[in-house]
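Enquirer: my questions concern the predicted model and sequence given below.
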Amino acid sequence: MLGVVRQKMLGQSLPKIRPAVSVLRSYSSAAKQMTVRDALNSALDEEMSADPKVFLMGEEVGEYQGAYKISKGLLEKYGPERVRDTPITEAGFAGIGVGAAYYGLKPVVEFMTFNFSMQAIDHIINSAAKSNYMSAGQMSVPIVFRGPNGAAAGVGAQHSQCYAAWYASCPGLKVLTPYSSEDARGLLKAAIRDPDPVVFLENELLYGESFPVSDEVLDSSFCLPIGKAKIERVGRDVTITAFSRMVGHALKAAEILEKDGIDAEVINLRSIRPLDRSTINASVRKTNRLVTVEEGFPQHGVGAEICASVVEESFAYLDAPVERIAGADIPMPYAANLERLAVPQVEDIVRAAKRACYRSVPLAAAA
Amino acid sequence: MAFCSRNSRNIIIINLLKSKVGSSRLMKLSRVCCYGTCLNSTNHCRFLPSTTTLPQLGNPDPNSHKKGHSPCSQRFQSTKSGQQFASLPNGEHSQVLDFPGGNVVFSPEMQFLSESPNVYNPCYRVLDDNGQLISNSVFVQVSEEIAVKMYSNMATLQILDTIFYEAQRQGRISFYVTTIGEEAINIASAAALTSDDVVFPQYREPGVLLWRGFTLQEFANQCFGNKADNGKGRQMPAHYGSNKHNYFTISSTIATQIPHAVGAAYSLKMDKKDACAVTYFGDGGTSEGDFHAALNFAAVTESPVIFICRNNGWAISTPTSDQFRSDGIAVRGQAYGVRSIRVDGNDALAMYSAVHTAREMAVNEHRPILIEAVTYRVGHHSTSDDSTKYRSADEIEWWRMARDPVTRFRKWIETNGWWGSEAESQLRSSIRNQLLQAIQIAERAEKPPVKDLFRDVYNNIPSHLREQEKLVRETINKHPKDYPADVPVDVAVKDDGVSVYDVDVIVHDDDLIIHVR
């Protein structure tokens, strides 16, 4: 995959000489586009190539090329020992992955969606997250649990839940939520290299989306730090935090708000645990207003934690109550019109930002 | 022994049958014991390598009906179709369905597989109840040195359990789990393994750790959760763990270690190591989903793992009749395509032989093996349990005295002239003194330092925990009278929270970052 991209780059006649990647810190306005799917595939490929201890395991990851084609070509390249199709038992293969990690391998365990991870949650929490502590450092678990999280389109209640808040509440885990292709590549590589267990929450609807990627991102040594959020759009009037697919919604909301004279700062959280509290708080201290956006259920959600953090550390800087945008407090309905009402839309974010800025707007969407 | 040892003639028969996959499907569940023996028999049994524990056989020799002897004299109805197949003239295979799972023979008779066998899965044993070798028994020879070491360890385990149990009753430790009655399973299995084999225990297998060299002092330190505990006081007593001894730290959750063992075994196979994974669990643990997923997975991935089930009759207060309705555990292994055997768990020599053979099979053939060790939980489930509430004290007493595995093995080594009463009393008093001393030392030792509260949550301590640790230390230093004296606060902390000895140097993104621990 990467080879293909490189050939394309050489084919173009770029006038400037590319400086060494490590010196170049700014992101060039790259012509390269990459889908999130390809970003994940290339990251897996490169990490498997670099470290023979990395292997992939899950339902349909091998012969089928991945339920969502994320592991396309990997079985052919690395063989059935390193790309393992499993029987249908999430509890089984999560436990087996943890066992392999105890021994010293670096498994990447794929859940077809994180809704199915509930069948394996005992192994994720009790066998993976807590082991290093309970064994006093004798059993480290360099495992990555990855897969699509949150709502897709028309998949119903048992296939649409967002698990960011659940996993992020557990000490011992790291929880990452990429948005763009750059996020996907950099964070997946960081997750695989990390000695701690990582829950890597992707999004099915983002797999097909293309994002610009710079040369630095395409380099095989590219890696993003875990625990640092990215300010996608700098602003002055209100801070909007979001993660995963909602980042796209927040950016669209920011464009609409700009026309109404509200300059929104959009933060792509990238990492839910550890949460980048310093970036969030610094932003709120600048803008004095906060809107948190997430797809998941509202109670005990990510927004609740962000709100608490801001209230604890930057209370005096808040000029308005924190607004939380979350999915509706109901199991996800199937019918398309109902589903649309149950998931945050761009207009919801716009209205919340305006409320935070004391513009009078109705609280609920018009039917 | 009821699964094939290399010299058995039946191994040839098994290979023959491998090519007749289809015939096995309708025939195989005749779990027949050759001469009608079962668990209660104390007579020696001439066990032919039988059909009972091999996954593919129901009719071990398609032509056996023509010979004078058939290896099994009893048959279920369900094997009738097998005989039909066997008696078809060669070439007439129109009675076979070729589907993704393999070739399956049709039958016009509607035969349900019976839910319970006419005869139970036989139990392999070598020593009788008086510790005397059963004639014509098949077993792996044990040298005097190993046998004596096995016995000493079994006796040590017994004494260790008694003394620690008493210590809990006296309030000196908070909790304890005994292994009384299961010493043979613990020690004999450990003796048959190598130190490279990785062990995933439940919590009733400290004997394996004892065999591997964990000292009495180390056991005591963990139970008292003191500064010398290599578990840093993080867990309840009896939750031992030691990387050095390839013994993965015990966690209380039932049966979660079973798929872990399979994962480790898969890794060992990928690494091409001369080692296997071994995991222990009780009869109750086999009801957990993890057991089923793990066995299935082990069979599919052909991983070198030994599953040792301590079928001790009780899961806290739940007897096996309320736990499952299958004929114990070994038959379940068979159902998953795992080679299995039922062994008398109180017969140290039989356990040793079975585990020794299982290990060879696992490592050389890359296959999982399931060993069901039948025994009895003489002690209570733990110190939080009083088992006389749900079972008769007589039953417990009988198993404690008449079926004690330690005594049984001692009789065998005494018969061989390898042990005597003087050696016995010397051992017992020496171990007892060592244990009492170890407890005293462990009790008086300091507890783990405050910093151990915050370490190991992640590989590197995150900043918010570092901050909290600093705050806790400051508070303790300010109000020393409010905190117990035996909790060391460690190095004095400077104003900026940096203690001289706690620094990590990390290179991150070309930047040199000095992380303060």
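Expert: Cool, the structure landed. Residues are numbered from 1 along each chain as shown, chains lettered A, B, ... in the order given.

Enquirer: list the contacts of the residue positioned nearest the centre of chain B.
Expert: Chain B has residue B:280 as the residue nearest its centroid, 2.3 Å off, counting by Cα atoms, centre = their mean. By Cβ atoms under 8 Å, 6 or more residues apart in numbering or on different chains, the residues touching residue B:280 are B:185, B:189, B:199-202, B:204-205, B:208, B:257, B:308-310. C-beta here means a position set from N, CA and C on the backbone, and glycine is covered the same way.

Enquirer: with residue A:93 instead?
Expert: Contact analysis of residue A:93 by Cβ under 8 Å, 6+ apart lists A:57-59, A:86-87, A:109, A:120, B:259, B:293, B:297.

Enquirer: please convert the buried members of these into PyMOL selection syntax.
Expert: Of the contacts of residue A:93, the buried ones can be selected in PyMOL as follows, counting by 16 or more other Cβ atoms under 10 Å in any protein chain shown:
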select buried, (chain A and resi 57+58+59+86+109+120) or (chain B and resi 259+293+297)
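
Enquirer: from the contacts of residue A:93, which ones fall inside helices?
Expert: Here DSSP state H is the test, and these give B:259, B:293, B:297 as lying in helices.

Enquirer: can you list the low-confidence ranges for the chain?
Expert: Just going to use chain A. A:1-30, A:360-367 (pLDDT under 70).

Enquirer: to clarify, I was referring to chain B.
Expert: In chain B, residues with pLDDT under 70: B:1-94, B:490-517.

Enquirer: just give me the longest helix of it.
Expert: For chain B, the helix with the greatest residue count under DSSP H is helix B:144-169.

Enquirer: now find how far off-centre it is within its chain.
Expert: 18 Å (Cα atoms, centre = their mean, to the nearest Å).

Enquirer: can you name every helix or strand that it contacts?
Expert: In terms of contacts (3 or more Cβ pairs under 8 Å, 6 or more residues apart in numbering or on different chains; DSSP states H and E), helix B:144-169 is packed against helix B:183-192, helix B:206-211, helix B:216-224, helix B:348-365, helix B:405-415, helix B:421-444.

Enquirer: one more time with 6 Å
Expert: Applying 3 or more Cβ pairs under 6 Å, 6 or more residues apart in numbering or on different chains; DSSP states H and E, one finds that helix B:144-169 makes contact with helix B:183-192, helix B:206-211, helix B:405-415, helix B:421-444.

Enquirer: and the contacts of the first one?
Expert: Translated: helix B:183-192. Residues from elsewhere that reach helix B:183-192, judged by Cβ atoms under 6 Å, 6 or more residues apart in numbering or on different chains: B:150, B:153-154, B:157-158, B:179, B:205, B:207-208, B:211, B:308, B:310, B:345-346, B:348, B:351-352, B:355-356, B:373, B:405-406.

Enquirer: with just CA atoms, put stretch B:344-358 into PDB.
Expert: The C-alpha trace of stretch B:344-358 is given here as PDB (Å, rounded to 0.1, in the frame of the first residue of the first chain):
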ATOM      1  CA  ASP B 344      -7.000 -40.400  39.900                       C
ATOM      2  CA  GLY B 345      -5.900 -37.000  41.200                       C
ATOM      3  CA  ASN B 346      -4.800 -38.500  44.500                       C
ATOM      4  CA  ASP B 347      -2.400 -40.900  42.900                       C
ATOM      5  CA  ALA B 348       0.800 -38.900  42.600                       C
ATOM      6  CA  LEU B 349       2.400 -41.500  40.300                       C
ATOM      7  CA  ALA B 350      -0.500 -41.600  37.900                       C
ATOM      8  CA  MET B 351      -0.600 -37.800  37.900                       C
ATOM      9  CA  TYR B 352       3.100 -37.600  37.200                       C
ATOM     10  CA  SER B 353       2.800 -40.100  34.300                       C
ATOM     11  CA  ALA B 354      -0.200 -38.500  32.800                       C
ATOM     12  CA  VAL B 355       1.200 -35.000  32.800                       C
ATOM     13  CA  HIS B 356       4.600 -36.200  31.600                       C
ATOM     14  CA  THR B 357       3.000 -37.900  28.600                       C
ATOM     15  CA  ALA B 358       0.700 -35.100  28.000                       C
END
